[in-house]
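# Predicted structure and sequence below. I'll ask about it afterward.
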Amino acid sequence: MKKAFYIIALFTIILSCGDRSKKGDPVPEAPPNIVLIFTDDQGYQDVGIFGSPDIKTPHLDKMAAEGIRLTSYYSAQAVCSASRAGILTGCYPNRIGIHNALGPGNTHGINATETTMAEMLKASGYKTAIYGKWHLGHHLKFLPTRHGFDEWFGIPYSNDMWPFHPQQGPIFNFPDLPLYENETVIDTLLEQSQLTTQITERSVDFINRNKDNPFFLYVPHPQPHVPLFVSDKFKGKSKRGLYGDVIMEIDWSVGQIMEALKKNGLEENTVVIFTSDNGPWLSYGNHAGSALPLREGKGTAWEGGQREPFIIKYPKKLKAGGVIDVPVMAIDILPTIAALTDSELPELQIDGKSAWSLLSGESDKSPQKAYFFYYRVNELFGVRYGKWKMYFPHRYRTMDGQEPGKDGLPGEYRMIDLEEIELYDMQNDISETNNVAQDNPKVVEEIKLLANDMRFRLGDALLELEGSETREPGRLVSSEQ
């Protein structure tokens, strides 16, 4: 009798479940995996689909064909550490006290009170890993494993921050470049030709090990930041010399990650993003990328310094082959991912806003009314406002008219003082060649008001203004190493 009773009860439960399904009760969706691939000093034009005439990137081109391209996407700042701070926290770097490029001599880094994308997703049950360059502080309390990442393999700062350069010889009074496994230095690097391959292999292994868990995989490649290194697999393969070889190997890496997702049945429900931290380091000539048709490069607020290639693929929810020319900035990525994963936003104030309605086609509007272009230590250089981009008087560097560097040696920048406000129509003048400030006085005044509001909140060292909303970075105390 007992056996018969249990069989009847089980049958009743099955029928009940089936009945609920017919009534349309929602079945919880598996949360999407997140993969963020982030290169270093890659120019806007250095991807085939973004116009490269001499570098083949078949995997990135395929990713764009199956996903969406953003053609007016901006990094958070035109330099390494600040840019990474922006995309990982959803904040303007100035808000959280991260400026310029942190090096071995710095004693500060990202504050423990800030919430990184990894910490946000970890709180939602995600496994997290970073394979590549961190650059938000190299002391123990600042390492990625203390800021939400379960695993790390890579370097703590830029690959040129070491004492010996292949062409230049001794150039810095820094220790050897350390290679980390989590919180342990496992090697010091002089020759880095296998690093892109090692990062890729770790990434694939992480995907294989976590196919049954939601995961966040962050792949910040140290390349193509100088000095350039490439494995024998791609040496001499491009029509663009060593720089092109490096980009081809990064493209191969993207292909390996995509293949791992496909083999594990994760392709449909994984958000994959590819972009870069800032524009090309133009003083390095044939070892630098190209931002054409944009103006200038790394270290400037001109379009070539911060407008970057951006591709996002999410087959489950994004239509293939889309192109969006509406402005979006790196600060918007964290809140966009939060919306997709139903994660809690950081408790402290952030600057980014979700771009999901734009990406999904529900809206054709930018997430923000305006974007603010800071550089160095809290200097407000410019503002993007709709189709307009306006610059305030400031000093910037250029290679225009200068002898470019070659084969790993840099050329010398020339400094220019921008003495008056300049305004450009980004819909009709992507190369910023025609200053239309005098023809659009109302636009100039509107942007001035927006800038003044931001100066009150985040400051502007050009005008010696302190912001009311800025926060301190993390700092070492005397007893810490």
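Alright, I've got the coordinates. Numbering: from 1, shown residues only.
# any idea how far residue 469 is from residue 83?
Residue 469 sits 20 Å away from residue 83, going by CB to CB, to the nearest Å. The C-beta positions use only the backbone N, C-alpha and C, and glycine is treated the same way.
# Compare neighbour counts for those two and give me the winner.
Legend: neighbour count by other CB atoms under 10 Å for residue 469 and residue 83, higher for residue 83 (28 against 14).
# quick one: contacts for the residue lying closest to that one once chain neighbours are set aside?
Closest residue in space to residue 83, ignoring its immediate chain neighbours: residue 277 at 4.0 Å, by CB to CB, 6 or more residues apart in numbering. Taking CB atoms under 8 Å, 6 or more residues apart in numbering, we find residue 277 in contact with 38, 39, 40, 41, 75, 80, 83, 84, 87, 220, 308.
# 10 Å instead, please
Counting by CB atoms under 10 Å, 6 or more residues apart in numbering, residue 277 touches 38-42, 75-84, 86-87, 101, 133, 135, 220-221, 225, 298, 306, 308, 330.
# quick one, strands of the stretch 1-150 of the chain?
All strands of the stretch 1-150 of the chain, identified by DSSP state E, counting those that start in this stretch, fall at 33-39, 68-70, 73-74, 108-109, 127-133.
# Does anything pack onto the second one? Which helices or strands?
Yep, that's strand 68-70 we're talking about. strand 310-313, strand 322-324, helix 356-359 (3 or more CB pairs under 10 Å, 6 or more residues apart in numbering; DSSP states H and E).
# Send over the first one as PDB, restricted to the C-alpha atoms.
It stands for strand 310-313. Output in PDB follows, covering the C-alpha atoms of strand 310-313 (Å, rounded to 0.1, in the frame of the first residue of the first chain):
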ATOM      1  CA  PHE A 310      33.800  48.200 -29.100                       C
ATOM      2  CA  ILE A 311      32.100  45.000 -29.900                       C
ATOM      3  CA  ILE A 312      29.500  43.200 -27.800                       C
ATOM      4  CA  LYS A 313      28.000  39.800 -28.600                       C
END
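# Can you list the strands that that strand pairs with?
Looking at strand 310-313 with DSSP bridges, its partner strands are strand 68-70 (antiparallel), strand 270-276 (antiparallel).
# Equivalent analysis for the shortest one, please.
As defined by DSSP bridges, the strand partners of strand 322-324 come to strand 68-70 (parallel).
# mind checking which of the strands of the stretch 1-150 of the chain is nearest residue 158?
Proximity to residue 158 (CB to CB) singles out strand 127-133 among the strands of the stretch 1-150 of the chain, at 7.0 Å.
# mean confidence score for the closest one?
Mean pLDDT, strand 127-133: 98.
# What pLDDT does the model give the residue lying closest to residue 33 once chain neighbours are set aside?
Distances taken as CB to CB, 6+ apart put residue 270 closest to residue 33, at 4.1 Å, once the chain neighbours are dropped. If you check residue 270, the pLDDT there is 98.
# shouldn't residue 270 be in contact with residue 317?
No: the pair residue 270 and residue 317 fails to qualify as a contact (CB atoms under 10 Å) at a distance of 11.1 Å.
# any shared contact partners between these two?
Common contacts of residue 270 and residue 317 (CB under 10 Å, 6+ apart): residue 32.
# Comparing these two, which residue is more hemmed in?
Set side by side, residue 270 and residue 317 show more neighbours around residue 270, with 23 against 13, by other CB under 10 Å.
# any idea how far that one lies from residue 117?
Distance of residue 270 to residue 117, computed by CB to CB: 15 Å.
# Just want the phi and psi numbers for the residue nearest to residue 83.
phi -80, psi -30 (degrees, to the nearest 10).
# quick one: stretch 180-194 to chain centroid distance?
22 Å (CA atoms, centre = their mean, to the nearest Å).
# Could you pull out the buried residues of that stretch?
Neighbour-count burial for stretch 180-194, with 16 or more other CB atoms under 10 Å as criterion, is recorded at 180, 189, 192.
# Adding distance to residue 349, secondary structure and pLDDT as columns, could you present the residues you listed in a markdown table?
Shown next, in a markdown table, are the buried residues of stretch 180-194 (distance: CB to CB, whole Å; DSSP: H, G, I helix; E, B strand; the rest coil; pLDDT from 0 to 100):
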| residue | distance to residue 349 | secondary structure | pLDDT |
| --- | --- | --- | --- |
| 180 | 31 | strand | 96 |
| 189 | 38 | strand | 83 |
| 192 | 38 | coil | 93 |
